[in-house]
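In: predicted model and sequence follow; I will ask about them next.
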Amino acid sequence: MSLAKNTEIKGKVLVAEKISPEGVALLKERFEVDAHDSLSREELLERIGEYDALIVRSGTKVDSEVIRRANRLKIIGRAGIGVDNIDLQSATKKGIIVANVPESNVISAAEHTMAMILSLARRIPFAHHSLSSGEWKRSKFQGVELFGKTLGILGLGRIGSLVAERASSFGMKLVGYDPFISEQKAKRLGVEMLPLDDVLQRADILTLHVPKTKETYHLIDKESISKMKNGAMIVNVSRGGIIDEEALIEAIKSGRIAGAALDVFECEPPKESELCRMEQVIVTPHLGASTTEAQYKAGVAIAEQVIAALEGGFVGGAVNISMPHREVVETLKPYLPLAEKLGRLITHVSQSAISEVELEYLGDISEHDTSLLTVAFLKGAFETVSTETVTYVNAPLIAMERGIMVKESKSRKSRDYVNLIMASAKNGKKVHAGATLIGKRGQEIFVNVLEYEIEISPSDYIAFVTYEDKPGMIGKVGMILGEHNINISSLQVGRRVIAGIAGMGLTLDQPLSQEIIERLKGEEGIMDAIFIVL
């Protein structure tokens, strides 16, 4: 990004943790800057009201109390990828942009993963500690070769893909699990894509590169570990909480797991965790991004994001709000959040890896440059399944790296709506859904979901049920949800032919548990049930 120097001081920036000197210097060209290597919580709470921008790394907790006191704050910049330490909901409600720099540390994280794998396989830290203590015990630290071993990779986003490339050069066999990576992308990487259980069963070494979500929390638990080879090893340089640490400790003590290498922990610092004292476990204090190169890139990149925010530019790294380019005409702006939601919807209903996306723009919007709407769709499609935080800047890159072909078409004619975005995704078969705005207030509506004539407003909790079109089916669904105290806020049905297969869209006040979903699927006459958290 090229930014012209502006000598006018337009605001104050607080750098609460150490970033690269180049990043600080870039900020000082334009703003009054207070830069600290670290700042106590008390100091942050006392001073945050004076600043227009705040830059942090992972050590500063920017919670609702901090945000409540931030009377002038326009942007919170995270010099790195994860924004777990920032209360996104509070920031969004207050109109504060939260931005990160997702591309800054992917190489460093991949290289750290390889360092952990090699150290674990050859027992290097343990041997070092022994020798530095005056011992000479060569036989005690016999390791294993990586050549010919099977590396299981959970998550093949940017970092997982880079790990695959590097592990391949060691002659490792690669198996992976990522339901949102295309076969073409996996084939290029030399990774055999398998169901999760098969990866667990085949891996000699398992490495994790998944985001921390409700679905991935304790993904590796007692049950998962029981499916792994005796003597397998586990590496985690992604997020703490992906591994059930108590289950891992038990498995190492029993000998089922030969060793683990951990850079991240459920509680950081891990304080008195037994994992930090076990002879079979290598631990590092969240060093995945701690390289000179990564810190330089993160510091400069987050400085550019802050400059853009304070000078009215396009904040490409914004993670909590839609940031249309200044050149996008006013007509398209209301459709950006709608396109994101449509992307999330398509990802959920496809339920497997997408190889191709087609977007058709119908009506007045087709006469404008709709490329940013496509980017918004991709952002929504990837943000719940990608290791990296997805932004308007990196969403097209993620699609390209995952081998997903993206097509656009336009037509001035729209049969039923003034404007309409139709999306289809190919995953062996095609799934379809559309979205539009109706009325003077621009109410958001999903249409033609799974090609059924259903109109349903986006909601936090949505379910789609396909069923045999016969009497009693709607009541059956309502009865099951009622038994579990799930309130239906709206319900729409549609069908293609009488007495064929019909579709039902429901907005709900509460989420559906997996138990309820399986109960619905198991009912006679119900073909499928999909639950979506938008």
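Out: Nice, I can see it.

In: who touches stretch 296-303?
Out: With Cβ atoms under 8 Å, 6 or more residues apart in numbering as the contact definition, stretch 296-303 has outside contacts at 19-24, 26-27, 55, 77-80, 99-101, 103-105, 289, 317. For glycine as for every other residue, the C-beta is placed from the backbone atoms N, C-alpha and C.

In: switch the cut-off to 7 Å
Out: Here stretch 296-303 makes contact (Cβ atoms under 7 Å, 6 or more residues apart in numbering) with 19-20, 22-23, 26-27, 55, 77, 79-80, 101, 104-105.

In: what of stretch 210-224?
Out: Here stretch 210-224 makes contact (Cβ under 7 Å, 6+ apart) with 84, 154-155, 200, 234, 238-239, 241-244, 247, 384, 386-387.

In: return the member of those nearest to R415.
Out: T384 (31.6 Å; Cβ to Cβ).

In: got a PyMOL select line for the buried ones in the contacts of stretch 210-224?
Out: To isolate the buried members of the contacts of stretch 210-224 in PyMOL, using 16 or more other Cβ atoms under 10 Å:
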select buried, resi 154+155+200+234+238+239+241+242+243+244+247+384+386+387
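
In: inside helices: which ones of the contacts of stretch 210-224?
Out: L200, A247 (DSSP state H).

In: what is the lowest-pLDDT residue among the contacts of stretch 210-224?
Out: pLDDT across those is at its lowest for T387, which sits at 66.

In: re earlier: so which of the contacts of stretch 210-224 is the closest to I474?
Out: T384 (29.4 Å).

In: measure that closest one to L345 for me?
Out: Using Cβ to Cβ, to the nearest Å, T384 is found at 11 Å from L345.

In: of the contacts of stretch 210-224, closest to E111?
Out: Using Cβ to Cβ, these come closest to E111 at S238, 14.5 Å.

In: is that closest one in contact with T207, as I believe?
Out: No - assessed by Cβ atoms under 7 Å, S238 is found out of contact with T207, at 8.6 Å.

In: my read: Y335 touches V375, true?
Out: No - with contact defined as Cβ under 7 Å, Y335 does not count as touching V375 (11.9 Å).

In: by neighbours, which of the contacts of stretch 296-303 wins?
Out: Most neighbours among these, by other Cβ atoms under 10 Å: G77, with 33 neighbours.

In: so who does R188 touch?
Out: G403.

In: ok, F464 - how many residues close by?
Out: 23.

In: quickly list what it is bridged to.
Out: Per DSSP bridges, the residues bridged to F464 are G505, I530.

In: so which bits of stretch 336-348 are buried?
Out: L336, L338, A339, E340, K341, L342, G343, R344, L345, I346, T347, H348.

In: run the chain-centre distance for the helix or strand containing E304.
Out: If you go by DSSP states H and E, E304 is part of helix 292-310. Relative to the centre of its chain, helix 292-310 is centred 21 Å away, using Cα atoms, centre = their mean, to the nearest Å.

In: could you point out the helix or strand that follows that helix?
Out: The first helix or strand that comes after helix 292-310 along the chain, using DSSP H and E, is helix 335-350.

In: any residues touching that next one, and which ones?
Out: Residues outside helix 335-350 that contact it (Cβ under 7 Å, 6+ apart): 322, 324, 365, 372-373, 376-381, 384-385, 421, 423, 425, 427, 431, 433, 435, 437, 444, 446, 449-450, 458, 464, 530, 532, 534.

In: mind exporting the C-alpha coordinates of that helix to PDB?
Out: Provided in PDB are the C-alpha atoms of helix 335-350 (Å, rounded to 0.1, in the frame of the first residue of the first chain):
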ATOM      1  CA  TYR A 335     -25.400  -5.500  -0.400                       C
ATOM      2  CA  LEU A 336     -22.000  -6.000   1.100                       C
ATOM      3  CA  PRO A 337     -23.100  -7.500   4.500                       C
ATOM      4  CA  LEU A 338     -25.900  -9.400   2.600                       C
ATOM      5  CA  ALA A 339     -23.300 -11.000   0.300                       C
ATOM      6  CA  GLU A 340     -21.200 -12.000   3.300                       C
ATOM      7  CA  LYS A 341     -24.200 -13.700   4.900                       C
ATOM      8  CA  LEU A 342     -25.000 -15.500   1.600                       C
ATOM      9  CA  GLY A 343     -21.400 -16.800   1.500                       C
ATOM     10  CA  ARG A 344     -21.800 -18.200   5.100                       C
ATOM     11  CA  LEU A 345     -25.100 -19.800   4.100                       C
ATOM     12  CA  ILE A 346     -23.600 -21.500   1.000                       C
ATOM     13  CA  THR A 347     -20.700 -22.800   3.000                       C
ATOM     14  CA  HIS A 348     -23.000 -24.400   5.600                       C
ATOM     15  CA  VAL A 349     -25.500 -25.900   3.100                       C
ATOM     16  CA  SER A 350     -22.700 -27.400   0.900                       C
END
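
In: excluding its own residues, what touches the very next helix or strand once past it? List them.
Out: Once helix 335-350 ends, the next helix or strand along the chain (criterion: DSSP H and E) is strand 356-363. Strand 356-363 is contacted from outside by 370, 374, 377, 404-411, 413-414, 417-426, using Cβ under 7 Å, 6+ apart.

In: now, which of those residues lie within helices?
Out: T374, F377.

In: only the buried subset of the contacts of strand 356-363, as a ChimeraX command please.
Out: A single ChimeraX command is used to select the members of the contacts of strand 356-363 judged buried by 16+ other Cβ under 10 Å:
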select :370,374,377,404,406,414,417,419,420,421,422,423,424,425,426
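
In: now do the strands in the stretch 1-150 of the chain.
Out: With DSSP state E, counting those that start in this stretch as the criterion, the stretch 1-150 of the chain has strands at 12-15, 32-35, 53-56, 75-78, 97-100, 150-154.

In: mind giving me the packing neighbours of the first one?
Out: By that I understand strand 12-15. Judged by 3 or more Cβ pairs under 7 Å, 6 or more residues apart in numbering; DSSP states H and E, strand 12-15 is in contact with strand 32-35, strand 53-56.

In: what residues does that strand touch?
Out: Contacts of strand 12-15 (Cβ under 7 Å, 6+ apart): 24, 27, 31-36, 47-48, 50-55, 306.

In: list the buried ones in it?
Out: Residues of strand 12-15 classed as buried: K12, V13, L14, V15 (neighbour count, 16+ other Cβ under 10 Å).

In: turn these into JSON lines, including distance to G494.
Out: Formatted as JSON lines, the buried residues of strand 12-15 follow (distance: Cβ to Cβ, whole Å):
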{"residue": "K12", "distance to G494": "55"}
{"residue": "V13", "distance to G494": "52"}
{"residue": "L14", "distance to G494": "53"}
{"residue": "V15", "distance to G494": "54"}
